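**Q** need coordinates for the following:
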Amino acid sequence: MYHPQKNSLIFNFFSWYIQFIIKKDFSAFNYDRTDIKADSSILLLSNHFSWWDGFFIFYLNKKIFKKKFHVLVNSDNYNKVGFLKYLGAFAAENRGKDVLETLSYAGKLLDNPENLVLIFPQGKLHSNHEKNIDFKKGVMQVINSSKKKVSIIFSATFIDYFSKRKPTVNIYLQHWENEEYVSLQLLKSAYNKHYDQSLVKQTQITE
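**A** Model (predicted):
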């Protein structure tokens, strides 16, 4: 598998640069506050509709969670976007056994309360107008590979222009109080309930 790499100089530059381009290209960046336990790692599950998504959550983590950021990406993005590995990106190099190793690695990251792991359950890009967020089975393999002492955060991101030249980002967060037994269907259902409620809030915005 492809692991994250450490380089403080590159990390600090792109940490600044991501903040810079978000402020430059968007009229506003809005998000909810949500309480989490300080001694708990974070598994953050988000919809995936744009090139920006990982950078949004990276910036959000910098603003409110302040954890060590990690994100599961595909091997193409890991190799094509060279700096991602210095921001905590990791990926499966091959199919099959390497995928299982990568998912297990993600689970082990969650055993450290200093870490945040971002996963896009859809597995690939979908429209921001999607009405139902599908979940691939790998999400459960990550959870089951951990000691399950983790805070699960649902994130639903939407973008609208309204009357402005630049779009506004709205990120709706929920700290899901997960059951002792978590199934893929339960997780998917709970996330989509949050997503539906977030979409209603988004459509109620007027200018």
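
**Q** contacting residues around stretch 72-92?
**A** 1-7, 10-11, 14-15, 54, 58, 68-71, 93, 98-99, 101-102, 105-106, 117-120, 124 (Cβ atoms under 8 Å, 6 or more residues apart in numbering). Yep, even glycine has a C-beta here, placed from its N, CA and C like the rest.

**Q** contacts only, for the nearest residue in space to residue 67 that is not next to it in sequence.
**A** For residue 67, ignoring the flanking residues on the chain, the nearest one in space by Cβ to Cβ, 6 or more residues apart in numbering is residue 116 at 3.7 Å. If you count contacts by Cβ under 8 Å, 6+ apart, residue 116 has them with 41-44, 61, 65, 67-70.

**Q** what subset of the residues you listed is buried?
**A** Neighbour counting with 16 or more other Cβ atoms under 10 Å marks 41-44, 61, 65, 67, 69-70 as buried within the contacts of residue 116.

**Q** show me the residue at the heart of this structure, geometrically.
**A** Residue closest to the mean C-alpha point of the chain, counted by Cα atoms, centre = their mean, is residue 118 at 3.5 Å.

**Q** all helices of this protein, in order?
**A** Applying DSSP state H to the chain gives helices spanning 8-25, 53-60, 75-80, 97-109, 138-145, 184-203.

**Q** now the ones you listed as CSV including mean neighbour count?
**A** Converted to CSV, these look like this (neighbours: other Cβ atoms under 10 Å):
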stretch, mean neighbour count
helix 8-25, 13
helix 53-60, 22
helix 75-80, 14
helix 97-109, 18
helix 138-145, 19
helix 184-203, 16
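
**Q** now mean pLDDT too, for those helices, in TSV please.
**A** Putting the helices of the chain into TSV (pLDDT from 0 to 100) gives the following:
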stretch	mean pLDDT
helix 8-25	97
helix 53-60	97
helix 75-80	91
helix 97-109	94
helix 138-145	93
helix 184-203	95
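
**Q** those helices: which one's closest to residue 129?
**A** Residue 129 lies closest, by Cβ to Cβ, to one member of those: helix 184-203, at 9.3 Å.
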